[in-house]
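S.K.: what's the 3D shape of this:
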Amino acid sequence: MRLEISCQDRLGITQDVLDILVTHEIDLRGIEIEQSGKIFLNFPNIEFADFQHLMPQIRRIDGIDDVKTTPFMPGEREKNQLSAVLRTLPDPVFSIDTRGQVVMCNEAVLSDLNLSAAQIKGTEIGELVKGFNFIRWMEGKETKHQSAKVKFVQEDFLADILPITVPDDENTPILAGAVVMLKSEIRLGQQFTAFHQIETDSFDHFVTDSAAMRKAVNEAKQIADLDAPILIFGETGTGKEMIAKACHQASRRSEGEFLALSCASLPDDVAETELFGCAPGAYNQPNGKVGLLEQARGGTLLLDEIADMSQQLQGKLLRVLENAEFRRVGDDKPVTADVRIICTTCQDLGALVEEGRFRKELYYRLNVLSLVMPSLKERRADIIPLAELFIMQHSGKLGRRPAKLSKSCADFLQQYPWPGNVRQMQNALYRALSLLDGNEISKEDVQVPNCAPTATYIDENFEGTLDEEVKKFEKDLLKRLYPSYPSTRQLAKKLGLSHTAIANKLREYGINKGTVKV
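M.R.: Below is the predicted model:
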C-alpha cells in the first residue's frame, strides 16, 4: 500500500507520521519526501479496519492537508520510466558502478551476448567492452564525458561514457558510476547519412526490388509533373493512393493541397456537394459550402474508386475536364477549376464501358496518362524487403526492438497469395508484432485467412456453355498478359501458340494497345 500525504513545511511533521505507523505496528518499506510538500509512504497492505483508523489519525496531525492512496511512489515511476527508455533503445547500453561492475543493461546487450540479465549483472565491464580503461577514467581527478573506440562482441563500436553523480550533504557531486552507450559503425553511418540528406525523392520510400514495381515507379516519375489527369489501376491494397500522393509531391503543384474523395462510400447527393460545393441556402447550408474542387485549387484532387461514381456525376466531371470550370450545386455562377485530377480504380473500366456502366467519353478523357500498380503476387522479390520495412516501422510505434523473421515465416510470406496485397501484409505483421513475446516472428505468429488453391476459375453454378466460359477465361488471360507481352510474337512464344493463332484471338477479343494499357 502506498500513501500520498500533502502537508505544510513544519519541523517534526514526518516524525509525527512515523510515530502513528509504529503504534499500528506497520513495517515501513520506503519513504520519499518531495520539496513540493508531499510525503510518500510504502508499506504492506493492512486490514480494512486498521486502514479506517489510520487515515483519520494522520489527517488530525497539525500541518497535514490531505491523505490519499497512490498507485506508485515517485521513485518507482521514475525507475520504470528509465527502464522503459533503456529497454527500447536499439543500441547496447550498460550502467556500471564505481568498481566498474555492470549494474544494469538493456535488451540490445542481452541479445548481442545471448545471456540473461542475471548472468551479466556484476560482470567487470572490461571483460565485455575492450579498448578503454573504465577504472582509470573513474579514478581520475576530473571525470568528464568521454568518447572512445572500443570492441564489443568482436566488432568495432563508438562508446559514449557518461558519469553518474549524486549530490552530498553540501550539494557537491559525488561519482556513483557511469552509463556506457555503444553505437556500431553501421548505425553511425545511417545517422550521418540521415543528418546530411538534403532532399528526399517522393518515390524513394517505394520498395522496387521487383521488375514490375520498378516499371510502375519509373512510369510514375515520367508523368508526375505533367498536368493531364492520371488513371491508376490496381487491386485493393496495392498502394494506389500512395503513388498518387508521390506523383503530387513530385509535381509543380506540390505546394498545393492533396485532397481525396472516395466515390464508393458516399451517396450521390453527398458526393456531389463534397465535390462541387453548394450555394448559400442549398442543402440546409445557410452559408454555402466550398467543395473539394475549390479547396484543392493549385493542387491535386484524388478520386478514389472512380468506377463507383454515378453516371450523373460522371457527366459533370467530364464537363470539368473539358471546360476547366464547374458550378456549385444551386448556383449559376461558374467557378474556375485549377486542379489536377488523379483517379484510382480496382475495376476494368474498359469492360464497364462495353457494358454501358461507365461513360466512354470520360474513360478516354481520364485514360491519357495511366499507371498499373502490380499486385503483391506479381512482385515476389519485394515481399521480404517490404516485410522488414514494416517490422522496423511497427517496432518503432510499439516501442520495442525490431524482431527477426524466421526462415519458415519468410518462406510462408513469399508463398502466400496475399489477396489483400501490401495492406494485408502490413496489418498481419503489425498484429504479429503486437502479440509477440520473443524476438523472432514465426510462421504461426502471422495470422491470415487460409487461401489454399482450391478455388476454380469457373463457378460451378455458371450459366452458359463450356465454350462461352472458356472464351471468358481466355480473354481475361490474354488481357492480363498483353501489357507484359505487347507483340503477337512475344505473346505467342509465351503461350506456345503460333503467331497467327494469337493474332486472330487478339482481334476476336478486341485486345490491342488502344484498349489495354501497355
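
S.K.: hmm, who's touching stretch 98-113?
M.R.: 86-87, 89-97, 116-117, 120-126, 128, 134-135, 138, 152-153, 175-177, 401, 439 (C-beta atoms under 8 Å, 6 or more residues apart in numbering). (Each C-beta comes from the backbone N, C-alpha and C, glycine too.)

S.K.: what about burial for these, which qualify?
M.R.: 86, 90, 92-97, 120, 123, 125, 128, 134, 138, 152, 177, 401 (16 or more other C-beta atoms under 10 Å).

S.K.: I'd like the list of those residues that fall within strands, please.
M.R.: V93, F94, S95, I96, F152, G177 (DSSP state E).

S.K.: Tell me what the nearest residue to A260 once chain neighbours are set aside is bridged to.
M.R.: Nearest residue to A260, sequence neighbours excluded (C-beta to C-beta, 6 or more residues apart in numbering): L302, at 4.1 Å. Assessed by DSSP bridges, L302 has beta-bridge partners A260, I342.

S.K.: Quick check: L302 touching T345?
M.R.: No: using C-beta atoms under 8 Å as the test, L302 is too far from T345 to be in contact (11.7 Å).

S.K.: Which two among the ones in strands among the buried ones among the contacts of stretch 98-113 are spaced furthest apart?
M.R.: F152 and G177 (18.7 Å; C-beta to C-beta).

S.K.: In terms of residue numbering, what are the domains of the protein?
M.R.: 2-75, 89-191, 211-372, 378-445, 466-509 (automatic domain parsing).

S.K.: what about the second one, distance to the chain center?
M.R.: Right, domain 89-191. 33 Å (C-alpha atoms, centre = their mean, to the nearest Å).

S.K.: For the residue lying closest to A282 once chain neighbours are set aside, give me its contacts.
M.R.: The shortest distance from A282 to any non-neighbouring residue, by C-beta to C-beta, 6+ apart, is to G330 (3.3 Å). The neighbours of G330, taking C-beta under 8 Å, 6+ apart as the test, are C278, A279, G281, A282, Y283.

S.K.: Going by distance to Y364, which of those wins?
M.R.: Distances from Y364 to the contacts of G330, taken by C-beta to C-beta, are shortest for C278, at 29.7 Å.

S.K.: pretty sure the closest one is touching V290, no?
M.R.: No: applying C-beta under 8 Å as the test, C278 and V290 come out as separate, 9.2 Å apart.

S.K.: who's more crowded, these two?
M.R.: C278 (21 against 14; other C-beta atoms under 10 Å).

S.K.: Where does pLDDT dip in the stretch 1-150 of the chain?
M.R.: Along the stretch 1-150 of the chain, the parts satisfying pLDDT under 70 run over 81-82, 84-88.

S.K.: Which parts of it are strands?
M.R.: 2-7, 30-34, 38-42, 64-69, 93-96, 102-105, 129-130, 146-152 (DSSP state E, counting those that start in this stretch).

S.K.: now, of these, which is deepest in the fold?
M.R.: Across these, averaging neighbours per residue (mean count of other C-beta atoms under 10 Å) puts strand 93-96 on top, at a mean of 22.

S.K.: Tell me which other helices or strands that strand touches.
M.R.: When contacts are defined as 3 or more C-beta pairs under 8 Å, 6 or more residues apart in numbering; DSSP states H and E, strand 93-96 packs onto strand 102-105, helix 107-113, helix 125-128, strand 173-184.

S.K.: Pipe those into a markdown table and attach distance to P419 per row.
M.R.: Converted to a markdown table, these look like this (distance: least, C-beta to C-beta, whole Å):
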| stretch | distance to P419 |
| --- | --- |
| strand 102-105 | 44 |
| helix 107-113 | 35 |
| helix 125-128 | 49 |
| strand 173-184 | 40 |
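
S.K.: Nearest to R214 among the ones you listed would be which one?
M.R.: strand 173-184 (30.6 Å).

S.K.: Please state the mean pLDDT value computed over that closest one.
M.R.: Predicted confidence along strand 173-184 averages 90 (mean pLDDT).

S.K.: Need the strands of the stretch 1-150 of the chain in CSV (columns: distance to E170).
M.R.: Shown next, in CSV, are the strands of the stretch 1-150 of the chain (distance: least, C-beta to C-beta, whole Å):
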stretch, distance to E170
strand 2-7, 27
strand 30-34, 19
strand 38-42, 24
strand 64-69, 31
strand 93-96, 26
strand 102-105, 26
strand 129-130, 34
strand 146-152, 26
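
S.K.: Tell me which of those lies nearest to R297.
M.R.: Closest among those, using C-beta to C-beta: strand 93-96, at 51.3 Å.

S.K.: got the contact list for the closest one?
M.R.: 86, 102-106, 108-109, 125, 128-129, 134, 164, 177-182.

S.K.: if you set the cut-off to 7 Å instead, what comes out?
M.R.: 86, 102-106, 108-109, 125, 134, 177-181 (C-beta atoms under 7 Å, 6 or more residues apart in numbering).

S.K.: Now flag whichever of those residues is closest to L389.
M.R.: A108 (20.4 Å).

S.K.: Would you mind listing the buried residues in the helix or strand where E469 lies?
M.R.: E469 belongs to helix 466-481 when elements are defined using DSSP states H and E. By 16+ other C-beta under 10 Å, the buried positions in helix 466-481 come out as K475, L478, K479, L481.

S.K.: just stretch 155-165 next, same as before
M.R.: So for stretch 155-165, counting by 16+ other C-beta under 10 Å, buried means F157, L158, A159, D160, I161, P163, I164.

S.K.: got a list of what the closest residue in space to the third one that isn't next to it in sequence touches?
M.R.: The one in question is A159. Leaving aside its chain neighbours, A159 sits nearest to V150 (4.5 Å; criterion: C-beta to C-beta, 6+ apart). V150 sits next to V129, K130, G131, F132, F157, A159 when contact means C-beta under 7 Å, 6+ apart.

S.K.: so what secondary structure elements neighbour the helix or strand encompassing the last one?
M.R.: Yep, that's A159 we're talking about. Element membership for A159 (DSSP H and E) is strand 155-167. For strand 155-167, the elements it packs on are strand 146-152, strand 173-184, judged by 3 or more C-beta pairs under 7 Å, 6 or more residues apart in numbering; DSSP states H and E.

S.K.: Using a markdown table, lay out the ones you listed together with distance to L433.
M.R.: Below are those laid out as a markdown table (distance: least, C-beta to C-beta, whole Å):
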| stretch | distance to L433 |
| --- | --- |
| strand 146-152 | 27 |
| strand 173-184 | 23 |
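
S.K.: Which of those strands sits closest to K240?
M.R.: Of the helices and strands packed on strand 155-167, nearest to K240 by C-beta to C-beta is strand 173-184, at 38.1 Å.

S.K.: E274: which of the helices and strands packed on strand 93-96 is closest?
M.R.: Using C-beta to C-beta, the helices and strands packed on strand 93-96 put helix 107-113 closest to E274, at 48.5 Å.

S.K.: how about the closest one as PDB, C-alpha atoms only?
M.R.: C-alpha atoms of helix 107-113 as PDB (Å, rounded to 0.1, in the frame of the first residue of the first chain):
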ATOM      1  CA  GLU A 107      17.800  -5.900 -24.200                       C
ATOM      2  CA  ALA A 108      20.200  -5.000 -27.000                       C
ATOM      3  CA  VAL A 109      23.100  -6.200 -24.800                       C
ATOM      4  CA  LEU A 110      21.300  -9.400 -23.800                       C
ATOM      5  CA  SER A 111      20.500 -10.100 -27.500                       C
ATOM      6  CA  ASP A 112      24.100  -9.500 -28.700                       C
ATOM      7  CA  LEU A 113      25.700 -11.600 -25.900                       C
END
